[in-house]
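Undergrad: whatever this is, show me its structure:
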Amino acid sequence: MNVSRAHLVSLADRKVTSNEQAEGREMAMNRIQFQPGLSMPDFLKDYGTEAQCEQALEAIRWPSGFCCPRCGHAAHYVLRDGVRKVFQCNACRHQASLIAGTVFQGTKLPLTIWFLAIYLISQAKTGLSALALKRQLGVSYPTAWLIHHKLMQVMAEREDRYVLERKVQVDDAYLGGERSGGKVGRGSENKVPFVAAVSLSDDGRPLRIKLTPVSGFTLKAISVWAKDHLDPASAVFSDGLACFGAVTEAGCRHQPTVMAGRKPKEVPEFKWINTILGNLKTSLSGSYHAFDFRKYAARYLAAFCYRFNRRFDLRTLHQRLLIAAAGCAPQPRRSIQLADAHC
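TA: Residues are numbered from 1 along each chain as shown. Modelled structure (predicted):
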């Protein structure tokens, strides 16, 4: 880059205090993107050993101390079933493993591997492929794939607990592309349709998002989607696609925008939904070079939503995912490999 001597002199003559420089840097930075998060050394300091992981999981499952899941008594003693910690109730003699009834049930891997996977997946802004996870954890690809999908299922079930409210922007979107010689656009046989939606605050900032696979963009499908995922008092803004009128069946107000030949990206009202879809495209194309979107679309989309909806506090994101994993029912391989119901 060529810089003139006069320009260099003007820069040298300019008096800028250190406070002004700091303020300028702060204003230029996105505070969400530049938040510190949790470093790997800090993570390993808290969860670097099996004993630390056991202690953390026990505190999550029984914050007030062990309580027998069968009879409710607290008196117990601890056994070891190989490497696993087992609690035996003094009253009914029922034995409860530390990992029984959680997403970790049945695993032969150390908890340190699972906790590291939780950390890596939660901290990866654009997602983490099973192949990358395999390399980080030092396990086989099938093992990494199963861990990845189990944790994405945890994220999906957690996201199902929330609905969108206030102002909600919606759009029709697709995963995949047309096959050679096949139909293009909405009629393509190789596309998975999903509803993209973002709720906005009163000042127009994004609050939560939902990316939900649907059977198609029909009045019936959108009606079911709206009843499951929208607060009845919501105001829904769309580009006028006819099927979105069905949100009124869920009690919502529908406010279509007349496009008049314009594309959604050219309409300021759809700024945030277009930003979300752009970020999703970047995430999927950058992290997953090949994945079965027809079969597992819901999990990949839910994982993206999970991280986005908790983007304000990266430092505790791994703890929140750990709590969700401890509260999630066991996920056998057979159920993980089943196709998503919407697709």
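Undergrad: now Gly72: phi and psi?
TA: Main-chain torsions, Gly72, degrees, to the nearest 10: phi 90, psi 0.
Undergrad: need the pLDDT of it.
TA: For Gly72, the pLDDT comes out at 88.
Undergrad: same thing with Met155?
TA: Note on Met155: pLDDT of 96.
Undergrad: now do the contacts for it.
TA: When contacts are counted by Cβ atoms under 8 Å, 6 or more residues apart in numbering, Met155 touches Arg299, Ala302, Ala303, Cys305, Tyr306, Leu321, Ala324. Heads up, the C-betas are built off the backbone N, CA and C, glycines and all.
Undergrad: in a helix, it, correct?
TA: Yes. Note on Met155: a helix contains this position according to DSSP: H, G, I helix; E, B strand; the rest coil.
Undergrad: identify the residues contacting the residue nearest to it when sequence neighbours are not counted.
TA: With Cβ to Cβ, 6 or more residues apart in numbering as the criterion, Met155 has its nearest non-adjacent residue at 3.8 Å, and that residue is Tyr306. Counting by Cβ under 8 Å, 6+ apart, Tyr306 touches Met155, Ala156, Arg158, Glu159, Leu321.
Undergrad: shouldn't Tyr306 be within a helix?
TA: Yes. Assignment of Tyr306 by three-state DSSP places it within a helix.
Undergrad: contact partners of the helix or strand Leu321 falls within?
TA: In the assignment (DSSP states H and E), Leu321 maps to helix 317-327. Under the criterion Cβ under 8 Å, 6+ apart, residues 38, 43, 56-57, 60-61, 102-104, 114-115, 118-119, 121-123, 151, 154-155, 157-158, 306-307, 310 lie in contact with helix 317-327.
Undergrad: and if we set it to 7 Å?
TA: 38, 57, 60-61, 102-104, 118-119, 122-123, 151, 154, 158, 310 (Cβ atoms under 7 Å, 6 or more residues apart in numbering).
Undergrad: helices or strands next to the helix or strand hosting Asp171 in the packing?
TA: Here Asp171 sits within strand 167-176, counting by DSSP H and E. Applying 3 or more Cβ pairs under 7 Å, 6 or more residues apart in numbering; DSSP states H and E, we find strand 167-176 packed against strand 191-200, strand 235-238, helix 271-287, helix 293-309.
Undergrad: which one (most neighbours) among the contacts of Tyr306?
TA: Of all the contacts of Tyr306, the highest neighbour tally under other Cβ atoms under 10 Å goes to Met155, namely 26 neighbours.
Undergrad: and Arg334, how many neighbours?
TA: Residues near Arg334, counting by other Cβ under 10 Å: 7.
Undergrad: so which strand or helix has it?
TA: Using DSSP H and E, Arg334 sits in helix 333-336.
Undergrad: now do that helix: distance to the chain's middle.
TA: Per Cα atoms, centre = their mean, to the nearest Å, the displacement of helix 333-336 from the mean C-alpha position of its chain is 20 Å.
Undergrad: repeat for stretch 258-265
TA: From the chain centre to the centre of stretch 258-265 is a distance of 30 Å (Cα atoms, centre = their mean).
Undergrad: using CSV, list the CA coordinates for it.
TA: Taking Å, rounded to 0.1, in the frame of the first residue of the first chain, the C-alpha atoms of stretch 258-265 are listed here in CSV:
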residue,chain,number,x,y,z
VAL,A,258,-45.6,-6.8,-0.7
MET,A,259,-42.4,-7.7,-2.5
ALA,A,260,-43.3,-6.1,-5.9
GLY,A,261,-40.6,-8.0,-7.7
ARG,A,262,-37.9,-7.4,-5.1
LYS,A,263,-35.9,-10.1,-3.5
PRO,A,264,-36.1,-10.5,0.4
LYS,A,265,-32.5,-9.3,0.7
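Undergrad: residue numbering should commence at 48 henceforth.
TA: OK, 48 is where the count begins now, so the last one is stretch 305-312.
Undergrad: need the contact partners of it.
TA: Residues contacting stretch 305-312 (Cβ under 7 Å, 6+ apart): Asp218, Asp286, Gly287, Val314, Phe317, Asn321.
Undergrad: confidence-wise, which of those residues comes last?
TA: Scanning the contacts of stretch 305-312 for pLDDT, the low point is Val314. It has 74.
Undergrad: now do the residue nearest the centre of the chain against Pro116, distance only.
TA: The structure's the chain has its C-alpha centroid closest to Tyr353; by Cα atoms, centre = their mean the separation is 2.3 Å. Using Cβ to Cβ, to the nearest Å, Tyr353 is found at 28 Å from Pro116.
Undergrad: having no further points to raise, I will conclude here.
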